[in-house]
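Peer 1: here's a sequence, model it:
(chains A and B)
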Amino acid sequence: MMKPNLAAPLLLGFALYATGSAFAEDTNQTPPWDQADAIYGEDAMADARRDVLAEGGDQKSFYILFNQLEAQMSDEGDSLYWNGQAWYGGDINKLWFKSEGRASLNGEGVDDAEIQALYSRAVAPFWNVQAGVRYDIEPDSLAHGVVALNGLAPYWFEVDASAFLSEKGDVTARIEAEYELLLTQRLILQPRIEANLSAQDIPERETGAGLSTLDAGLRLRYEIRREFAPYVGVEWQSAFGETRDMIKAAGGEGDDIVFLVGLRTWY
Amino acid sequence: MLNRRHMLQTVLGTGAAWGASSLLPAWAKSSSNGNLGVPSLSGTRFDLEIGQFPVRLNGKVGMATGINGTLPGPLLRLREGDDVTMNVTNRLAEDTSIHWHGLLVPFHMDGVPGVSFPGIKPGETFKYQFKVPQNGTYWYHSHSGLQEQLGHYGPIVIDPAGTDPVAYDREYVLVLSDWSFKHPHRIFDKLKKNAESLNFNRPTLSNPTGLGGMWGQMRMSPRDLADVTGETYTYLINGHSTADNFNMVFQPGERVRLRIINASAMTLFNVRLPGLPMTVVQADGLNVQPVETDEFQMGVAETYDVIIAPTEARAYAFVAESIDRSGQAVATLGPRAGMRVDAPALRAVPMLTMRDMGMAHGDMAGMSGMGRMDHGPDTATAGDDMKGHDMGAMSMMPDPHGPAVQPVKIEADIERGPGVAKVSGMTMSRLGEPGLGLDDVPHRTLTYNQLRALDMNEDHRPPGREIVIHLTSNMERYMWSFDGVKFSEVTESIKFYEGERVRLTLVNDTMMPHPIHLHGMFFDLVNGGGHHMPRKHTVTVKPADRVSVDITAEHVGDWAFHCHLLYHMHAGMMQVVSVIPPADDTTPAEKMPAGQMNMPMDHHGMNHGEGKS
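Peer 2: Now for the predicted structure:
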C-alpha cells in the first residue's frame, strides 16, 4: 500500500522515466537513410538498420559494486558492514539499487539493513538525478521516499547526496563522499566520509536534529584485479549533538574507532 | 586447410629459393620469396568462410572469429581492373559481413549491415562482385558487432594494371592487430562501467599531474591515451606476438617494401625499425612522394607502405608500440630465417598536455556554455566564431590553404547533454605535429604535413560547402559521438550531393586521437599540398585538432562514416553520409545554395585510384 508521503518522489521518478522513454521512442518514421532498400528490399534493410543503430550507443549494461564488504572491529564489538550498489540501463536512464547495512558478529543479529530502488537519469556529464524508494528492513520496517544527486565532483570526488522522507513524515539526509588516491597502479588509498543529518528528533531511532552521525574512514586496497580488491582500513565513527546524548543515555559511546578488513568487488 | 603456422614454416623452410624471385613480377612471387608471411589467395574468384577456430598466441589458446581459419585472414592479392567475385559464407551463429576498407566499390557491395546491405545471415553465402577500382595496400574486415576484435580481418594487396612506380626487390605484408583473450563484449561492458579500469598508467601520488589543477577540475586524465591497453591486449604482427617472433628475411642491399596495415580494434601504433630509416612511398593505398623518416604513428585502419634498404647482414627489429606504451609487438628482420632480435624496452609513457585539452593559451573564455573559438587551419588570430552555427550559417573565416571564395559553412549546434564532457576552447590544425608522444623522440618522425600525393590530384575545384563536425565524448560514461549525437540517436544522415566538392572539417573536442574513416570516398587532406594533397581513407584527428579534408562526392549511395576505434564506434561515434543526386526532390534548398548548382559535374573522367592518366 502506497503511503501518501511516498507519492511525491515516486511521481517524480515516473515523470523522469516517462521523459526518458519519450526521448528513447522519438524515432523518426522516415528512415535516416534508405538507398539500399531499392536493392535489398525495405524489410531486410529496416531490420538491419534498426540493429546497426541500436549497436551504435543504445546498449544496456548491468553493474554491481560492493564498495564496502567488511568486518569492523572495535572495543564496542565486531560487526559486518556492507555498502553496495547495482544498476541496469543505458547511458542516460538506469534502474539503480543501493543497499547498506550492518550485522553483529557477536551473535546479535542484523542491526540495520536498507535497500533503495531508484530511477536514475543522467542530467549532466558527471551527474545523475535519482528518485525512488528506500525500505529499511531493520531496525523497524520503515519506508521512505528518496531524491538523490549522484556523480563525480571536480577533482575526482565521488559524491552521493540523498534526502529521505519517511512514511512517518521525518526528513533525513545522507551525504557520502570518497576519493581514490592511487599510490601505485594497484595500491589505492580511499578516504571516505558519510554524514547523516536529520531535520527533527527521531527518538525511536536515537537520532537528533542536525548532524547526527559522521563516519570518516581510510581504506587501503590492493587491486589484484580491478574487480577484486581486498583492503584494510580504519574509521572514526562519531555521533553529534542530540544524537550523541541519546546514544550515551542508552549506555553507548558517542564515538568509536574501528579497524576494518574487507573486500571491494564489482562486476 | 593450411594454417598460419604451417604456412610460415613453408616460408622459412624454402627461403633459400629467394634468388630467382626478382625475375618475376611482384604479384607472381610465391610466399617462399618472402612477400607474405600470411596465407595468400589470388585470382578473380575468392571463397571466404567466416567461422570460429582456436589460435595459439604466447603459448595460450584462444578462440578467434575470422576468415578461412587463419589469424589474420588470407591475403587477397588482386589486380587493378579485374572483375572479382567474393563468395562469403557465414559459418557463425550470428550475422556477419566483410567491408573492403578503402576500396571504392559500389555502395551496395561496401559491406556495412544496415547501411549498405542487410548483412550475411548464419549459413548464408553472400556474393560480392565488383571491379577492382584502384591499386595499393588495403584490408578487409567485419563490420558486424565486435567481430573485428576477434580476428575478423585480413590484408588486400592490389597490383597495378600498369607499372608500379615503387621499385623493390622483396615485400612483406605486416598486419598489426590487438588480440584479447577477454571477450570484446566484456571489454566494452567494463569500459561502460568503469572507463579507466583497463588503464594501468593512471596518475598516481608520485606522478600526480591530473589529480589537481585544470585536469582535476575538468575530471580529465593526462594519462588517458588508450582505453584498452597492454594489460588486456597481446599485440600482434601477422598473428604473432613478440614471443612468437614473426620473421622476415632479406639480403643486404635489397630494397624491401613493407606494406603495413593497422588492423587493430583500438590501438594506434608507433612504428619504427631502430637503426633503419624508412622511406614512406604509400599511405592508405595511394602513392605519395617518397619521404624518409625514422618513426611514424599510425591510426587504426591506416596503411603505410615503406621501403627499407638494410645494408648490414644483421637482425633488425620491426617495432609496433602501442600509443600509450603499455605494450608492443616486435618482429625480426634478418639475413637468415629464424633469427630473433632483442626487443627494445618500452619507452616512457607520454602525458597529454593543456594543448590536447584545447587550452593551449590558458584561455578560459571558451569553457563556459556554448562559446568556443574556432580557428582556421594554421591561423591563430583572425576569424573567431564565438558560437555554434545554425545550419547554413555563413562564416568568413580566412584559410591559407582554401579557395579564394569561402565555402558555405555548415555547423550544427553540439548537443550539450551528459554525453559531452567538454568542447575544446581552442582548436587548430595539428597536421604539422607527429603522433601523440612522438614530439620528443631523438629521431625523425612523420607528420601529415609531409605527405604529398605522387600523382597530381584530379579534382582541383574549391569546395562549395564546408561541413564542420565535432568529435565529442564523455570518457567518464564512455559515451562517444559526433556533435554530441550518438549513432543510435541519429534521425538524418549527412548529405553530400553527387558531383560536388565538399570540405569536411573535423574538430576534436575529446582528449583522444580518433582515426576517422569515410567509406566510398577519399579525403584530400588540406595540408598545404596544393594539387598534391595526400588522399586518405582514414585520417587521425588529434585531441583539440581541427582537420579539414576536401572530398569529391562521386558515388551515389549511403556510406558509413565513423571513428575506427571499434569501441568508440560501438558507443555511438558513427554516422552515415548519403551521397544523393543534386536534383533530388528531398534536397533542402537552404542546404544547397543556387550558386552551388552550377558546379562542374564531369566526374566520369576522374580516376579515384592512382590518378594515372
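
Peer 1: does any bit of stretch B:105-118 sit next to chain A?
Peer 2: Yes: applying C-beta under 8 Å from any C-beta of the partner chain, one finds stretch B:105-118 in contact with chain A at B:107-108, B:112-118. For every residue, glycine as well, the C-beta is placed using N, CA and C.

Peer 1: neighbouring contacts of stretch A:76-89?
Peer 2: A:60-72, A:94-106, A:108, A:111, A:120, A:252-253, A:256, A:258, A:260, A:262 (C-beta atoms under 8 Å, 6 or more residues apart in numbering or on different chains).

Peer 1: could you give the mean pLDDT of stretch A:194-203?
Peer 2: Averaged over stretch A:194-203, pLDDT sits at 95.

Peer 1: how about stretch B:430-449?
Peer 2: Stretch B:430-449 comes out at a mean pLDDT of 96.

Peer 1: quick one: the helices in chain A?
Peer 2: With DSSP state H as the criterion, chain A has helices at A:4-24, A:37-40, A:42-54, A:241-249.

Peer 1: can you put the residues of stretch B:105-118 next to chain A in a markdown table and add pLDDT and neighbour count?
Peer 2: Listed next are those as a markdown table, based on pLDDT from 0 to 100; neighbours: other C-beta atoms under 10 Å in any protein chain shown:
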| residue | pLDDT | neighbour count |
| --- | --- | --- |
| B:107 | 97 | 24 |
| B:108 | 97 | 17 |
| B:112 | 98 | 24 |
| B:113 | 98 | 25 |
| B:114 | 97 | 29 |
| B:115 | 98 | 32 |
| B:116 | 97 | 31 |
| B:117 | 97 | 23 |
| B:118 | 98 | 24 |
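
Peer 1: and which of those residues is nearest chain A?
Peer 2: residue B:114 (3.0 Å; C-beta to the nearest C-beta).

Peer 1: what residues are up against the closest one?
Peer 2: Per C-beta under 8 Å, 6+ apart, neighbours of residue B:114: A:45, A:48-53.

Peer 1: count the residues that sit near the nearest residue to it once chain neighbours are set aside.
Peer 2: Once flanking residues are discounted, residue B:114 sits nearest to residue A:52: 3.0 Å by C-beta to C-beta, 6 or more residues apart in numbering or on different chains. Using other C-beta atoms under 10 Å in any protein chain shown, residue A:52 has 22 other residues around it.

Peer 1: pretty sure residue A:52 contacts residue B:115?
Peer 2: Yes: with contact defined as C-beta atoms under 8 Å, residue A:52 counts as touching residue B:115 (6.4 Å).

Peer 1: one step back: which of the contacts of residue B:114 tops the neighbour count?
Peer 2: Busiest of these [other C-beta under 10 Å] is residue A:45, holding 26 neighbours.

Peer 1: so for the residue nearest to it when sequence neighbours are not counted, what pLDDT did the model give?
Peer 2: Excluding the flanking residues, the one nearest residue A:45 by C-beta to C-beta, 6+ apart is residue A:37, at 4.7 Å. Note for residue A:37: predicted pLDDT of 97.

Peer 1: I'd like the distance between residue A:37 and residue B:426.
Peer 2: 43 Å (C-beta to C-beta, to the nearest Å).

Peer 1: of the two, who's got more company?
Peer 2: Each of residue A:37 and residue B:426 has its neighbours counted (other C-beta under 10 Å); residue B:426 has more, 23 against 17.

Peer 1: so what's that one bridging to?
Peer 2: residue B:373 (DSSP bridges).

Peer 1: that one and chain A, how far apart?
Peer 2: 20 Å (C-beta to the nearest C-beta, to the nearest Å).

Peer 1: thought that residue was touching residue B:358?
Peer 2: Yes: at 5.2 Å, residue B:426 and residue B:358 qualify as touching, with contact defined as C-beta under 8 Å.
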